[in-house]
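Asker: Mind looking at a prediction? Sequence and model below.
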Amino acid sequence: MKFDLIDLRMFLAAVDGGSLTAAARRNNVVVAAVSARLRRLEEAFDLELFERTGRGIKPTLAGEMLASHARQILDDARRIEADLDAFADGRSGHVRLLSNTNMLAEHLPQALGAFLAASPDISVSVEDKPSLEAVKLLKQGQADIAIVASSADMTGLERFRFVPDRLVLIAPRDLDVPSDAVAFPRILDFKLIGQQGNPALMQFLERHANELGRTPHFRMLIAGFEATCRVVEQGAGVSIIPESAARRYAHFMDFKVVPIAEPWADRELYVCVRNEMQLPGYARMLLAHLRQYVRTFDDGC
């Protein structure tokens, strides 16, 4: 590089002020320092950038060309500095968040909605990922924050407890299902209603079925837990969904809500980051908001 930003500032100060003295005064340096920088610029480009006159200096054609580019470069530098300052202060930025299906449907709409309403210059992209994949992507730097189950290997990450993630079976009222608890192998005997788009919940259930040497029979795939509950209510099959969704829709729909007799059905979730102190300010703001959401949730339980 034949110049730096200081060279360009000195150069423009000389162009605008019409003398080395004016440039020195504007930059709070001695005239000799300005003269040395301008001479170095001319030597670097092997061009005369100024005409020296009895009244001062004025740019040559080459100097005018450089002045035009210099103004653009310095304007861009100021914008970059302002943008980075905004990031550091948390005033604006984009957070990349990974989460499982249940949290996307049950807790994150409320938590993220409140955060975004209070932080108009911050945006958040959310991806539905199984916990094992979310941890991998987070460690690779492809996300800022991930919400994962306790079963995931969070070695090397900083983690903070989030809300419980309990799964239950919902079944038609007249279906012969144990009311106290039902094991997953028995659930796989039924026709299942699943979620469209192969979300994290579907991948999670398929993985546990494969560990049993079974292949789940999904009779229908549909979008959203409310729609799932309506299909189950009509007797089309059974489904596994978050308990919070099941209890909410059971208030105005008629179906059974049955606990699942498997350790994985009652999970603890964690919010994970690589290093909280290395997060941009806007991402730290979201992390703090999620912690506050957990405190509010615990107080309401």
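Answerer: Arrived safely, thanks for sending.

Asker: C-alpha only now, for contacts and for neighbours.
Answerer: Fine.

Asker: Would you mind putting the CA coordinates of stretch 167-174 into CSV?
Answerer: Taking C-alpha atoms only, stretch 167-174 is exported to CSV below (Å, rounded to 0.1, in the frame of the first residue of the first chain):
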residue,chain,number,x,y,z
LEU,A,167,-42.3,-34.3,25.4
VAL,A,168,-45.7,-36.0,25.7
LEU,A,169,-48.0,-38.2,23.6
ILE,A,170,-51.3,-36.9,22.4
ALA,A,171,-53.9,-39.5,21.4
PRO,A,172,-57.6,-39.6,20.4
ARG,A,173,-59.8,-39.8,23.4
ASP,A,174,-61.1,-43.3,22.5
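
Asker: Could I get the average pLDDT for it?
Answerer: If you average the pLDDT over stretch 167-174, you get 94.

Asker: Ok, stretch 44-55 next?
Answerer: For stretch 44-55, the mean pLDDT works out to 86.

Asker: Can you give me the buried ones in it?
Answerer: For stretch 44-55, a neighbour-count test (16 or more other C-alpha atoms under 10 Å) marks 48-50 as buried.

Asker: Mind putting those into a markdown table with distance to Q140 and secondary structure?
Answerer: Output for the buried residues of stretch 44-55, formatted as a markdown table (distance: C-alpha to C-alpha, whole Å; DSSP: H, G, I helix; E, B strand; the rest coil):
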| residue | distance to Q140 | secondary structure |
| --- | --- | --- |
| E48 | 50 | coil |
| L49 | 49 | coil |
| F50 | 52 | strand |
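
Asker: Out of those, flag the one nearest to I145.
Answerer: Using C-alpha to C-alpha, L49 is the member of the buried residues of stretch 44-55 that lies nearest I145, at 51.3 Å.

Asker: quick one: contacts for the closest one?
Answerer: In this structure, L49 makes contact with 42, 59-64, judged by C-alpha atoms under 8 Å, 6 or more residues apart in numbering.

Asker: If we use 6 Å, what do you get?
Answerer: Counting by C-alpha atoms under 6 Å, 6 or more residues apart in numbering, L49 makes contact with 59-60, 62-63.

Asker: Return the members of those classed as buried.
Answerer: 59, 63.

Asker: and the contacts of L49, which of them are in helices?
Answerer: Using DSSP state H, the subset of the contacts of L49 located in helices is 62-63.

Asker: just to revisit the earlier point, go through the buried residues of stretch 44-55 and name the one nearest G141.
Answerer: Of all those, G141 sits closest to L49, with 46.1 Å by C-alpha to C-alpha.

Asker: Please report how far that closest one lies from A36.
Answerer: Distance, L49 to A36, by C-alpha to C-alpha, to the nearest Å: 13 Å.

Asker: thinking again about what came up before, the contacts of L49: which two are farthest apart?
Answerer: It's P59 and A62 that sit farthest apart of those, by C-alpha to C-alpha, at 7.5 Å.

Asker: what pairs with the spatially most central residue of the chain across the strands?
Answerer: The centroid of the chain falls nearest to R96 when counting by C-alpha atoms, centre = their mean (1.6 Å). Here R96 sits in beta bridges with S125, going by DSSP bridges.

Asker: Can you mark which positions in the strand ranked longest in the chain are buried?
Answerer: For the chain, the longest strand by residue count, based on DSSP state E, is strand 158-172. Buried residues in strand 158-172, defined by neighbour count with 16+ other C-alpha under 10 Å: 159, 161-172.

Asker: I'd like these as TSV, with distance to A209 appended.
Answerer: Written out in TSV, the entries for the buried residues of strand 158-172 read as follows (distance: C-alpha to C-alpha, whole Å):
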residue	distance to A209
R159	29
R161	27
F162	26
V163	25
P164	22
D165	19
R166	18
L167	15
V168	16
L169	15
I170	18
A171	19
P172	22
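
Asker: one step back: L269: which of the buried residues of stretch 44-55 is nearest?
Answerer: L49 (64.2 Å).

Asker: For P59, see how far away the closest one is.
Answerer: Counting by C-alpha to C-alpha, the gap from L49 to P59 is 6 Å.

Asker: Need the overlap of contacts for those two.
Answerer: Here L49 and P59 have no joint contacts, going by C-alpha under 6 Å, 6+ apart.

Asker: which one of the buried residues of strand 158-172 is nearest A236?
Answerer: Using C-alpha to C-alpha, the buried residues of strand 158-172 come closest to A236 at P172, 7.9 Å.

Asker: Quick check, that closest one in contact with G235.
Answerer: Yes - counting by C-alpha atoms under 6 Å, G235 is a contact partner of P172 at 5.1 Å.

Asker: Domain boundaries for this structure, per the record?
Answerer: For the chain, automatic domain parsing gives the domain ranges 5-89, 95-268.

Asker: how about TSV for these, with distance to A288 added?
Answerer: Shown next, in TSV, are the domains of the chain (distance: least, C-alpha to C-alpha, whole Å):
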stretch	distance to A288
domain 5-89	14
domain 95-268	10
